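Student: everything below, folded, please.
(one chain, ligands or ions: 2)
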Amino acid sequence: MESSVPPTRQTISTNGHLPAARDADFVVDYLHRLRFTRDVFNPANPTLAEAMGRGGQRRARVFVDAGVAAAWPDLQQRIEAYAKSHADVLHFARPMQIVPGGEAVKNDPAHVQAIVRGMHEAGLCRKSYAIAVGGGAVLDAVGFAAAMVHRGVRLIRLPTTTLAQDDAGVGVKNGVNAFGKKNFLGTFAPPWAVINDELFLTTLSDRDWRSGLSEAVKVALVKDAAFFDQIEATAPRLRTRDHEALLPIVRRSAELHLNHIVSGGDPFELHEARPLDFGHWAAHKLEQMSEFRIRHGEAVAIGIGIDAAYSALLGWLPPGDAERIRRCLMNLGFELANDQLREAHSLLDGLGEFREHLGGRLTISLLRGIGTADDAHEIDHALMTKAIIAASPS
Ligand SMILES: NC(=O)c1ccc[n+]([C@@H]2O[C@H](COP(=O)([O-])OP(=O)(O)OC[C@H]3O[C@@H](n4cnc5c(N)ncnc54)[C@H](O)[C@@H]3O)[C@@H](O)[C@H]2O)c1
Ligand SMILES: [Zn+2]
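Tutor: Ligands and ions are numbered 1, 2, ... in the order given. Just a heads-up that it's a prediction; the model follows:
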């Protein structure tokens, strides 16, 4: 007969000998520092130095996305000027290291190796800082390297794309791709600090300026109906790249992502429910099927459309809401039709790959309403094929 006492948290003694088994809970405290600023490397701006704390001078090395380095040609001089003004807290042991931007950095292990080498050459220790300046892909690759070096050097993220500022940079994960699988290698490693500098957003291509808006729509749909209303109402301004309209959207999205991590009860994703992955099973597969020609944020927009349509076909979401979501994404300028969607069978393989990545039962977040997510553990492939067709406009 099974004991009613769970076999955890007890010391099992074996007739006066040393215990043969012992289960002990332990808790680790983390502090998540999220800052919003403008012009972070202006010597008069204390945000970065303050985020490093007052523990004396620390070594640091900056790793910069090549796209950012190209857009900000004087970045190295600005970083040096900043270090000079804040020599009490930081010392850059080497010049900034430029890292290829975009998914390329996650697809070739040589890039992670080069970043690891850069940390070695700068003599970083566990109390040093790796400062990653870039889009979500560069943050992922530098974060992965930082988690491995000395089993973890402090990582400060300076996200530079809409997506990185409103989602990726705030998270506690990093990862690179392997064997054609998205984020196959990676760790959970909370950053030391995340500093969103709005100035970086001004040099983005229209495509990268827009693509991160899908993550704001996603978090609104699963967490905050009023935020969805706000995005919907702001869509015409966002479509025409209105910087002032973007800032509150990025900020609210980042806050909602942060709230989920610090208050959601499952920062390291041990449980099944994964509302922040709404729309992501299809997104990850689409990115892979397009050989990463489609941006993560663009793929997420398509994935949201598909899972909203499926939620409606299941009878969970009023059909009018699924249509509202589709219209909002299109008003933001997202292209919801994609050649890859014609291969619905291959896309559906993404469900199995998603389950493998998360472990355990298949768990897909769907919508019960705008602002309310719920989990499904089975997906009807015929119905999902219909949703894929319904979500992509003719
Ligand atoms: N770790 C996480 O929790 C998490 C969450 C969401 C997404 N991600 C990952 O983030 C990646 C997508 O990130 P992304 O959308 O930021 O795109 P990205 O990192 O691929 O960058 C897109 C392009 O923008 C350029 N760029 C970046 N900042 C710039 C700037 N300020 N000015 C000019 N050009 C600039 C880059 O060089 C690149 O060419 C994906 O790999 C995705 O898997 C990770
Ligand atoms: Zn995402």
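
Student: distance check, K223 against L313.
Tutor: 23 Å (CB to CB, to the nearest Å). Where C-beta positions appear, they are placed from N, C-alpha and C, glycine not excepted.

Student: those two: which is more packed in?
Tutor: Neighbours of K223 and L313, each counted by other CB atoms under 10 Å, are more numerous for K223; the result is 21 against 17.

Student: for that one, which non-adjacent residue is closest in space?
Tutor: In space, and not counting its chain neighbours, K223 is closest to L256: 5.2 Å by CB to CB, 6 or more residues apart in numbering.

Student: what about the one you found, helix or strand, and which?
Tutor: Assigned by DSSP states H and E, L256 belongs to helix 243-263.

Student: shouldn't the residue nearest to K223 be in contact with A225?
Tutor: No. Under the criterion of CB atoms under 8 Å, L256 makes no contact with A225, lying 12.0 Å away.

Student: when these two are compared, which one has more neighbours?
Tutor: Under the neighbour definition other CB under 10 Å, L256 and A225 were set side by side, and L256 has more, 23 against 14.

Student: quick check, central residue of this protein?
Tutor: For the chain, the residue sitting closest to the mean C-alpha position, by CA atoms, centre = their mean, is A168 at 2.4 Å.

Student: grab the nearest non-local neighbour of it.
Tutor: Counting by CB to CB, 6+ apart, the residue nearest A168 is G136, at 3.5 Å.

Student: let me see the contact set for that neighbour.
Tutor: 159, 161, 163-164, 167-169, 296 (CB atoms under 8 Å, 6 or more residues apart in numbering).

Student: for the stretch 101-250 of the chain, which segments count as strands?
Tutor: Chain-ordered strands for the stretch 101-250 of the chain, with DSSP state E, counting those that start in this stretch as the definition, fall at 129-134, 154-159, 176-178, 181-185, 193-197.

Student: what's the least confident stretch among the ones you listed?
Tutor: Among the strands of the stretch 101-250 of the chain, strand 181-185 has the lowest mean pLDDT, at a mean of 91.

Student: which bits of the stretch 101-250 of the chain sit near ligand 1?
Tutor: Selection of the stretch 101-250 of the chain residues close to ligand 1 by CB under 6 Å from any ligand atom yields 101-103, 106, 134-138, 140, 160-161, 163-164, 167-168, 171, 173-174, 200, 203-204, 208, 211-212.

Student: how about stretch 322-342, which residues are buried there?
Tutor: With burial defined by 16 or more other CB atoms under 10 Å, the residues of stretch 322-342 counted as buried are 322, 324-326, 328-330, 332-334, 336, 338, 340-341.

Student: please apply the same query to stretch 185-197.
Tutor: 185-187, 189-197.

Student: let me see the mean pLDDT of the helix holding L256.
Tutor: The model assigns helix 243-263 a mean pLDDT of 97.

Student: give the burial count for L48, as a bare number.
Tutor: 25.

Student: excluding its backbone neighbours, what's nearest it?
Tutor: In space, L48 is closest to V40, 5.6 Å off (CB to CB, 6+ apart).
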